[in-house]
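Engineer: coords please:
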Amino acid sequence: MSCRLSVCLLTRNEEANIERVLRSVQGFTDEVVVADTGSTDRTVEFAKAMGARVTSVSWDDDFSEGRNVALRQATGDWILWLNPDEEWIAPPPEALRSLIATTDRRTFGYLARVRSIPREEQPTRFSETWDFRLYRRRPDLRYTGRLHPTLSTELSKAVTDEGGLVRPSEILIRHLAYRSVLNESKLRWALRLLERELQDRPGQLRYLTEYGRNLLLIGDRRGHDVMAEALKQLEPTWNDPNAPLPHAQILLEYALTTAADLNRSSLGAEQAQALALRWFPNSPPLLWAIAESFFRSQQFPAAAVLLEHLVQLGASGAYDHSFSFDPRIVGPVSYTHLDVYKRQEQAQALALRWFPNSPPLLWAIAESFFRSQQFPAAAVLLEHLVQLGASGAYDHSFSFDPRIVGPWPLLNLGQIYRALGKTTDARRIFESLLSDPEFHDQAVRHIAELENSTSASR
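Structural biologist: Next comes the predicted model:
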């Protein structure tokens, strides 16, 4: 079985990278095809010196056309696609040769693991994604998409109709992400390509999502309208068990992290959390966003569950490989947040053990439970504070604001009882505060709200 291998690249001013990537494939490729889009540095010179065949591409804001030129120039039976800021890591040459020589006819190509390293000084911290990089050359092989090209819909359908398969593999490619610094100039350049792509093929959810995100990255608030439009497209799938496409992760992360007054879609943070955990239970960026939300609202036990899951995913590598992310969120940053939670949990346990009748400590812990909506736990402490205030049996070591053993815990207890559906108890609490001048108006308002909610439920 014929198994000639062509390595293809698209370049522009890559003299700092081209020798490294070509050196990484020396010894196992039959040819290297470089499609250059107009380099003004020594990229072409260096590529030719490394044995590559270089062809010029007229640039028209279209990465897919550049890739297609390279594919048309290739003569191998198999194509391996690499980018200039990458390098081949594994498997060794003989193993790759064996893979393509023994591949059955149904297999169209292979997914590779792309290991993205965001910081040069920390090469062991990385995220990995799956990407389609090794595939058979065929006459209808072509890419579409001005930015982040994908194989054409027509080709994908033809391969599917033929019963063709795409399989995972042991291929590992290292992406030196730190060599491509994202700045405003690059973002505006990407926006230009995205605008042209959406003009060519309107309504594409993937590109619409990226367009909105890039607008927000440069501080353009039009991005909120674009993200709302993209989320509107996603709305019919909200009850589906599985995500309609991987890029839904980006939209959910937006809904999870954007302030309610800026999010112009109908998808709120709570529903976004439910969708994220259903569709992408192993997505580090989404798990991190939800954990951060829980952490900020002091829902520490809920945050701890997600943070521990992130740490486990980092250790096992079993996370969602759809998108790259900051690898620290499956390692040291999650550990740090877990440590804060555990120290706070430990401090609460010590306070209740050592000073079970200390009003300031009981009030602080009850407030924490109240803010994180752990109402039953908060109610126990608030009731204890009221009892201490009535009996005078509190710890007398230090002075404190006497309202924390009187009207304050009563007011919070009333709100908790109402939240728990104990309307009779809530009314009793609020009525007891009517005689207190400082809390009279609040008590009246809460009683009125109780009456309105009771009337509405009839």
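Engineer: CA atoms for contacts and neighbours, from now on please.
Structural biologist: Fine.
Engineer: okay, helices next: where are they in the stretch 101-250 of the chain?
Structural biologist: 153-161, 184-200, 205-217, 222-234, 248-257 (DSSP state H, counting those that start in this stretch).
Engineer: mind giving me the packing neighbours of the fourth one?
Structural biologist: It refers to helix 222-234. In terms of contacts (3 or more CA pairs under 8 Å, 6 or more residues apart in numbering; DSSP states H and E), helix 222-234 is packed against helix 205-217, helix 248-257.
Engineer: out of the helices of the stretch 101-250 of the chain, nearest to residue 385?
Structural biologist: helix 248-257 (36.3 Å; CA to CA).
Engineer: report the mean confidence score over the helix or strand following the closest one.
Structural biologist: Heading C-terminal from helix 248-257, the first helix or strand you meet, by DSSP states H and E, is helix 269-279. The pLDDT scores in helix 269-279 average 93.
Engineer: could you do stretch 151-162 as well?
Structural biologist: 89.
Engineer: and for stretch 169-178?
Structural biologist: On average, stretch 169-178 scores 93.
Engineer: could we number from 755 for the rest of this?
Structural biologist: Done: numbering now begins at 755, and the last item shifts to stretch 923-932.
Engineer: residues near residue 868, how many?
Structural biologist: Counted with other CA atoms under 10 Å, residues neighbouring residue 868 total 25.
Engineer: chain neighbours aside, what residue packs nearest to it?
Structural biologist: Spatially, and ignoring its direct neighbours in sequence, residue 868 is nearest to residue 927 (4.8 Å; CA to CA, 6 or more residues apart in numbering).
Engineer: separation between the one you found and residue 866?
Structural biologist: 7 Å (CA to CA, to the nearest Å).
Engineer: go through the helices of the stretch 855-1004 of the chain and name the closest to residue 766.
Structural biologist: helix 938-954 (14.0 Å).
Engineer: quick check: mean pLDDT of that closest one?
Structural biologist: The model assigns helix 938-954 a mean pLDDT of 95.
Engineer: could you say what helices and strands that helix packs with?
Structural biologist: helix 959-971.
Engineer: same for the helix it packs on, what does it pack against?
Structural biologist: Packed against helix 959-971 by the contact rule (3+ CA pairs under 8 Å, 6+ apart) you find helix 938-954, helix 976-988.
Engineer: which SSE is immediately downstream of the helix or strand containing residue 1041?
Structural biologist: In this assignment (DSSP H and E), residue 1041 forms part of helix 1038-1050. Following helix 1038-1050 in sequence order, the next helix or strand is helix 1054-1070 (DSSP H and E).
Engineer: if we go by neighbour counts, what in that following helix is buried?
Structural biologist: Residues of helix 1054-1070 classed as buried by neighbour count (16 or more other CA atoms under 10 Å): 1054-1055, 1057-1058, 1060-1065, 1067-1068.
Engineer: check stretch 871-888 too.
Structural biologist: 871-872, 879-888.
Engineer: run through who's touching that stretch.
Structural biologist: With contact meaning CA atoms under 8 Å, 6 or more residues apart in numbering, stretch 871-888 is reached by 832-836, 863-870, 928-932, 1074-1082.
Engineer: so among those, which ones count as buried?
Structural biologist: 832-836, 863-870, 928-931, 1074-1075, 1077-1081.
Engineer: please name the residues that touch the most centrally placed residue in the chain.
Structural biologist: Closest residue to the average C-alpha location of the chain: residue 1039 at 2.6 Å, with CA atoms, centre = their mean. Applying CA under 8 Å, 6+ apart to residue 1039 gives the contacts 1007, 1079, 1083.
Engineer: and with 7 Å instead?
Structural biologist: Contact analysis of residue 1039 by CA atoms under 7 Å, 6 or more residues apart in numbering lists residue 1079.
Engineer: may I have the phi/psi pair for residue 1106?
Structural biologist: Main-chain torsions, residue 1106, degrees, to the nearest 10: phi -70, psi -30.
Engineer: quick one: contacts for it?
Structural biologist: Counted by CA under 7 Å, 6+ apart, residue 1106 has zero contacts.
Engineer: how close does it get to residue 1080?
Structural biologist: Where residue 1080 is concerned, residue 1106 sits at a distance of 38 Å (CA to CA).
Engineer: tell me the bridge partners for residue 834.
Structural biologist: Residue 834 has these beta-bridge partners by DSSP bridges: residue 761, residue 888.
Engineer: would you agree it is in contact with residue 763?
Structural biologist: No: applying CA atoms under 7 Å as the test, residue 834 and residue 763 come out as separate, 8.9 Å apart.
Engineer: ok, back up a step: possible to save the helices and strands packed on helix 976-988 as a markdown table with distance to residue 996?
Structural biologist: Below are these laid out as a markdown table (distance: least, CA to CA, whole Å):
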| stretch | distance to residue 996 |
| --- | --- |
| helix 959-971 | 16 |
| helix 1002-1011 | 11 |
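Engineer: just name the most buried of these.
Structural biologist: Mean neighbours per residue, mean count of other CA atoms under 10 Å, is largest over the helices and strands packed on helix 976-988 for helix 1002-1011, with a mean of 22.
Engineer: before we move on, what SS does residue 825 have?
Structural biologist: Secondary structure of residue 825, reduced to three states by DSSP: H, G, I helix; E, B strand; the rest coil: helix.
Engineer: how close does it get to residue 789?
Structural biologist: 9 Å.
Engineer: any regions of the chain where pLDDT drops low?
Structural biologist: For the chain, the stretches with pLDDT under 70 are 755-756, 1087-1098, 1101, 1208-1212.
Engineer: and residue 995, how many residues sit next to it?
Structural biologist: Residues near residue 995, counting by other CA under 10 Å: 10.
Engineer: who are the contact partners of it?
Structural biologist: Contacts of residue 995 by CA under 7 Å, 6+ apart are 1032-1033.
Engineer: one more pass at 10 Å, please.
Structural biologist: 1029, 1032-1033 (CA atoms under 10 Å, 6 or more residues apart in numbering).
Engineer: who wins for neighbours among these?
Structural biologist: residue 1029 (21 neighbours).
Engineer: quick check: closest non-adjacent residue to that one.
Structural biologist: For residue 1029, the spatially nearest residue (CA to CA, 6+ apart) is residue 992, at 7.2 Å.
Engineer: verify the contact between that neighbour and residue 1026 for me.
Structural biologist: Yes: judged on CA atoms under 10 Å, residue 992 makes contact with residue 1026 at a distance of 9.5 Å.
Engineer: the more surrounded of those two?
Structural biologist: When neighbours are counted by other CA under 10 Å, residue 992 and residue 1026 differ, and residue 1026 comes out ahead with 22 against 16.
Engineer: any idea how far that one lies from residue 1006?
Structural biologist: 6 Å.
Engineer: what do those two both touch?
Structural biologist: residue 1040.
Engineer: so how far is residue 864 from the closest residue to residue 998 other than its chain neighbours?
Structural biologist: Spatial nearest neighbour of residue 998, excluding adjacent residues (CA to CA, 6+ apart): residue 991 at 6.9 Å. For residue 991, the distance to residue 864 equals 29 Å [CA to CA].
Engineer: same thing with residue 888?
Structural biologist: Per CA to CA, residue 888 is found 5 Å from residue 864.
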